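**Q** mind looking at a prediction? Sequence and model below.
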Amino acid sequence: MQSTDQTQLVRRILFAGLMLIAAASIAAYALMSSPNKPAGLGEALVGGPFTMVNHKGETVTEKSFLGKPMLLFFGFTFCPDVCPTELQVMAAALDELGDKGMDIQPIFVSVDPERDTPEVMAAYVSNFGDRFIGLTGSAEQVAAIAGAYRIFYARQENKERPSDYLMDHSSIVYLMGPDGKFLKHFTYTTDAKALAQGIAEALQQPTVN
Ligand SMILES: [Cu+2]
(Lines give C-alpha, C1' and ligand atoms only; values in the text may rest on other atoms or scores of the structure.)
Protein backbone atom coordinates (compact mmCIF):
# COMPACT_ATOMS: atom_id res chain seq x y z
CA MET A 1 0.00 0.00 0.00
CA GLN A 2 1.03 3.59 -0.40
CA SER A 3 2.39 5.49 2.55
CA THR A 4 0.49 8.57 3.72
CA ASP A 5 3.40 10.75 2.57
CA GLN A 6 3.16 9.41 -0.93
CA THR A 7 -0.58 9.86 -0.99
CA GLN A 8 -0.16 13.44 0.18
CA LEU A 9 2.45 14.09 -2.47
CA VAL A 10 0.19 12.65 -5.15
CA ARG A 11 -2.65 14.83 -3.89
CA ARG A 12 -0.43 17.90 -3.93
CA ILE A 13 0.77 17.22 -7.46
CA LEU A 14 -2.79 16.50 -8.57
CA PHE A 15 -3.95 19.75 -7.02
CA ALA A 16 -1.17 21.73 -8.70
CA GLY A 17 -2.12 20.11 -12.00
CA LEU A 18 -5.77 20.94 -11.45
CA MET A 19 -4.92 24.55 -10.70
CA LEU A 20 -2.94 24.75 -13.93
CA ILE A 21 -5.83 23.28 -15.86
CA ALA A 22 -8.27 25.63 -14.15
CA ALA A 23 -6.12 28.60 -15.14
CA ALA A 24 -5.87 27.30 -18.69
CA SER A 25 -9.64 26.76 -18.80
CA ILE A 26 -10.30 30.29 -17.65
CA ALA A 27 -7.92 31.62 -20.28
CA ALA A 28 -9.59 29.43 -22.91
CA TYR A 29 -13.02 30.62 -21.81
CA ALA A 30 -11.92 34.26 -21.94
CA LEU A 31 -10.61 33.72 -25.47
CA MET A 32 -13.77 31.95 -26.61
CA SER A 33 -16.00 34.59 -25.02
CA SER A 34 -14.16 37.44 -26.66
CA PRO A 35 -16.39 39.22 -29.18
CA ASN A 36 -13.31 40.03 -31.24
CA LYS A 37 -12.04 36.49 -31.48
CA PRO A 38 -10.40 35.65 -34.78
CA ALA A 39 -12.51 33.23 -36.81
CA GLY A 40 -11.91 29.62 -35.85
CA LEU A 41 -9.81 30.27 -32.77
CA GLY A 42 -12.48 29.19 -30.26
CA GLU A 43 -13.13 25.99 -32.14
CA ALA A 44 -9.46 25.16 -32.21
CA LEU A 45 -9.00 25.37 -28.45
CA VAL A 46 -10.75 22.20 -27.26
CA GLY A 47 -11.49 19.06 -29.23
CA GLY A 48 -10.82 18.09 -32.80
CA PRO A 49 -10.00 15.00 -34.81
CA PHE A 50 -8.92 11.81 -33.05
CA THR A 51 -8.46 8.13 -33.78
CA MET A 52 -8.96 5.76 -30.84
CA VAL A 53 -10.02 2.18 -30.06
CA ASN A 54 -13.34 1.67 -28.29
CA HIS A 55 -14.05 -0.89 -25.56
CA LYS A 56 -15.21 -3.36 -28.22
CA GLY A 57 -11.84 -3.15 -29.93
CA GLU A 58 -13.15 -1.10 -32.88
CA THR A 59 -11.30 1.88 -34.29
CA VAL A 60 -13.33 5.06 -33.95
CA THR A 61 -12.79 8.72 -34.80
CA GLU A 62 -14.55 11.97 -33.92
CA LYS A 63 -16.75 11.33 -36.97
CA SER A 64 -18.14 8.19 -35.31
CA PHE A 65 -19.95 10.45 -32.83
CA LEU A 66 -21.26 13.15 -35.18
CA GLY A 67 -24.94 13.89 -34.57
CA LYS A 68 -24.72 13.13 -30.85
CA PRO A 69 -23.54 15.43 -28.10
CA MET A 70 -20.51 13.88 -26.38
CA LEU A 71 -19.99 14.00 -22.63
CA LEU A 72 -16.30 13.26 -22.15
CA PHE A 73 -14.15 12.49 -19.17
CA PHE A 74 -10.47 11.48 -19.17
CA GLY A 75 -8.93 9.16 -16.57
CA PHE A 76 -7.85 5.57 -15.92
CA THR A 77 -9.55 2.43 -14.68
CA PHE A 78 -7.06 1.90 -11.82
CA CYS A 79 -7.98 5.33 -10.40
CA PRO A 80 -8.87 4.98 -6.71
CA ASP A 81 -11.38 7.79 -6.36
CA VAL A 82 -11.68 10.66 -8.82
CA CYS A 83 -12.65 8.64 -11.90
CA PRO A 84 -15.23 6.32 -10.35
CA THR A 85 -16.78 9.28 -8.53
CA GLU A 86 -17.03 11.43 -11.63
CA LEU A 87 -18.33 8.63 -13.85
CA GLN A 88 -21.06 8.00 -11.28
CA VAL A 89 -21.93 11.71 -11.30
CA MET A 90 -22.11 11.66 -15.11
CA ALA A 91 -24.34 8.58 -15.07
CA ALA A 92 -26.61 10.16 -12.45
CA ALA A 93 -26.81 13.39 -14.48
CA LEU A 94 -27.87 11.42 -17.57
CA ASP A 95 -30.52 9.63 -15.49
CA GLU A 96 -31.68 13.02 -14.25
CA LEU A 97 -31.95 14.33 -17.83
CA GLY A 98 -34.10 11.37 -18.83
CA ASP A 99 -35.55 11.73 -22.33
CA LYS A 100 -33.85 15.11 -22.78
CA GLY A 101 -30.48 13.42 -22.60
CA MET A 102 -31.22 10.32 -24.66
CA ASP A 103 -28.91 11.34 -27.52
CA ILE A 104 -25.95 12.17 -25.31
CA GLN A 105 -23.00 9.81 -25.61
CA PRO A 106 -21.00 9.51 -22.38
CA ILE A 107 -17.36 8.66 -23.11
CA PHE A 108 -14.53 7.67 -20.78
CA VAL A 109 -11.12 8.24 -22.35
CA SER A 110 -8.13 6.43 -20.85
CA VAL A 111 -4.87 8.25 -20.20
CA ASP A 112 -3.34 4.88 -19.21
CA PRO A 113 -3.30 2.79 -22.40
CA GLU A 114 -0.64 0.47 -20.97
CA ARG A 115 -3.10 -1.10 -18.50
CA ASP A 116 -6.38 -0.01 -20.09
CA THR A 117 -6.81 -2.45 -22.94
CA PRO A 118 -10.21 -2.55 -24.69
CA GLU A 119 -11.12 -5.59 -22.53
CA VAL A 120 -10.27 -3.77 -19.30
CA MET A 121 -12.21 -0.71 -20.50
CA ALA A 122 -15.25 -2.84 -21.38
CA ALA A 123 -15.39 -4.37 -17.90
CA TYR A 124 -14.87 -0.97 -16.29
CA VAL A 125 -17.40 1.18 -18.16
CA SER A 126 -20.10 -1.46 -17.62
CA ASN A 127 -20.00 -0.47 -13.92
CA PHE A 128 -21.63 2.83 -14.85
CA GLY A 129 -24.55 1.57 -16.94
CA ASP A 130 -24.79 0.43 -20.52
CA ARG A 131 -24.41 3.81 -22.20
CA PHE A 132 -20.73 4.55 -21.62
CA ILE A 133 -18.18 4.08 -24.35
CA GLY A 134 -14.58 3.54 -23.29
CA LEU A 135 -11.81 4.85 -25.53
CA THR A 136 -8.18 3.77 -25.39
CA GLY A 137 -5.43 3.31 -27.95
CA SER A 138 -1.69 3.52 -28.44
CA ALA A 139 0.37 5.88 -26.28
CA GLU A 140 0.55 8.19 -29.31
CA GLN A 141 -3.22 8.14 -29.90
CA VAL A 142 -3.89 8.90 -26.24
CA ALA A 143 -1.34 11.73 -26.25
CA ALA A 144 -3.00 13.20 -29.33
CA ILE A 145 -6.56 13.21 -27.98
CA ALA A 146 -5.41 14.46 -24.56
CA GLY A 147 -3.58 17.28 -26.29
CA ALA A 148 -6.61 18.14 -28.40
CA TYR A 149 -8.77 18.34 -25.26
CA ARG A 150 -6.10 20.15 -23.19
CA ILE A 151 -5.91 17.30 -20.72
CA PHE A 152 -2.88 17.08 -18.44
CA TYR A 153 -1.73 13.62 -17.37
CA ALA A 154 1.42 12.18 -15.83
CA ARG A 155 2.50 8.85 -14.45
CA GLN A 156 3.20 8.55 -10.70
CA GLU A 157 5.56 5.64 -10.19
CA ASN A 158 5.08 3.22 -7.31
CA LYS A 159 8.53 2.05 -6.22
CA GLU A 160 7.36 -0.88 -4.09
CA ARG A 161 4.82 -2.16 -6.57
CA PRO A 162 5.69 -0.89 -10.05
CA SER A 163 2.51 -2.26 -11.63
CA ASP A 164 0.40 -0.21 -9.20
CA TYR A 165 1.51 3.16 -10.57
CA LEU A 166 -1.05 5.96 -10.57
CA MET A 167 -1.84 8.57 -13.19
CA ASP A 168 -2.30 12.20 -12.31
CA HIS A 169 -4.84 13.71 -14.64
CA SER A 170 -7.01 16.75 -15.00
CA SER A 171 -10.62 16.07 -14.15
CA ILE A 172 -12.84 18.18 -16.37
CA VAL A 173 -16.08 17.03 -17.97
CA TYR A 174 -16.48 18.28 -21.52
CA LEU A 175 -19.76 18.65 -23.34
CA MET A 176 -19.31 18.70 -27.11
CA GLY A 177 -22.19 19.50 -29.44
CA PRO A 178 -23.70 17.15 -32.05
CA ASP A 179 -21.34 18.84 -34.54
CA GLY A 180 -18.38 17.78 -32.39
CA LYS A 181 -17.58 21.33 -31.33
CA PHE A 182 -16.94 22.44 -27.77
CA LEU A 183 -20.05 23.59 -25.91
CA LYS A 184 -19.23 23.68 -22.22
CA HIS A 185 -16.97 22.27 -19.53
CA PHE A 186 -17.75 21.32 -15.95
CA THR A 187 -15.44 21.05 -12.98
CA TYR A 188 -15.00 17.96 -10.82
CA THR A 189 -17.01 19.51 -7.99
CA THR A 190 -20.18 19.85 -10.07
CA ASP A 191 -22.86 17.56 -8.64
CA ALA A 192 -25.22 15.44 -10.74
CA LYS A 193 -28.13 17.87 -10.56
CA ALA A 194 -26.04 20.89 -11.54
CA LEU A 195 -24.37 18.87 -14.29
CA ALA A 196 -27.75 17.81 -15.69
CA GLN A 197 -28.99 21.39 -15.58
CA GLY A 198 -25.84 22.76 -17.21
CA ILE A 199 -26.03 20.18 -19.99
CA ALA A 200 -29.73 20.92 -20.63
CA GLU A 201 -29.04 24.65 -20.83
CA ALA A 202 -26.06 24.25 -23.13
CA LEU A 203 -27.96 21.94 -25.50
CA GLN A 204 -30.93 24.32 -25.67
CA GLN A 205 -28.86 27.24 -26.88
CA PRO A 206 -28.82 27.86 -30.62
CA THR A 207 -25.43 27.10 -32.14
CA VAL A 208 -23.23 30.18 -31.81
CA ASN A 209 -20.74 29.35 -34.53
CU1 LIG B 1 -8.94 9.30 -12.09
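**A** Yep, it's here.

**Q** so Tyr153 is in contact with Ser171, correct?
**A** No: the pair Tyr153 / Ser171 is not scored as a contact, 10.4 Å apart, by Cβ atoms under 8 Å. In short, each C-beta sits where N, CA and C put it, glycine included.

**Q** so between those two, which is more surrounded?
**A** Shown here are Tyr153 and Ser171; by other Cβ atoms under 10 Å, Ser171 has more neighbours (23 against 18).

**Q** give me the number of residues near the closest residue to that one other than its chain neighbours?
**A** Spatially, and ignoring its direct neighbours in sequence, Ser171 is nearest to Tyr188 (4.2 Å; Cβ to Cβ, 6 or more residues apart in numbering). Residues lying near Tyr188 (other Cβ under 10 Å) number 14.

**Q** which neighbours do Tyr153 and Ser171 share?
**A** Phe74 (Cβ atoms under 8 Å, 6 or more residues apart in numbering).

**Q** what residues does stretch 113-124 touch?
**A** Residues contacting stretch 113-124 (Cβ under 8 Å, 6+ apart): 53-57, 76-78, 108, 110, 134-139, 141-142.

**Q** pLDDT on that stretch, on average?
**A** If you average the pLDDT over stretch 113-124, you get 98.

**Q** near the ion, anything from that stretch?
**A** No: interface with the ion: stretch 113-124 contributes nothing (Cβ under 5 Å from the ion), its closest point being 11.3 Å away.

**Q** mind listing what's buried in whichever helix or strand Ala91 is part of?
**A** Element membership for Ala91, per DSSP states H and E: helix 82-97. Using 16 or more other Cβ atoms under 10 Å as the test for burial, helix 82-97 gives 82-83, 86-87, 89-94, 96-97.

**Q** identify the farthest-apart pair in those residues.
**A** Greatest spatial distance in these: Val82 and Leu97, 22.5 Å, computed using Cβ to Cβ.

**Q** what about Thr77, distance to Asp116?
**A** Counting by Cβ to Cβ, to the nearest Å, the gap from Thr77 to Asp116 is 5 Å.
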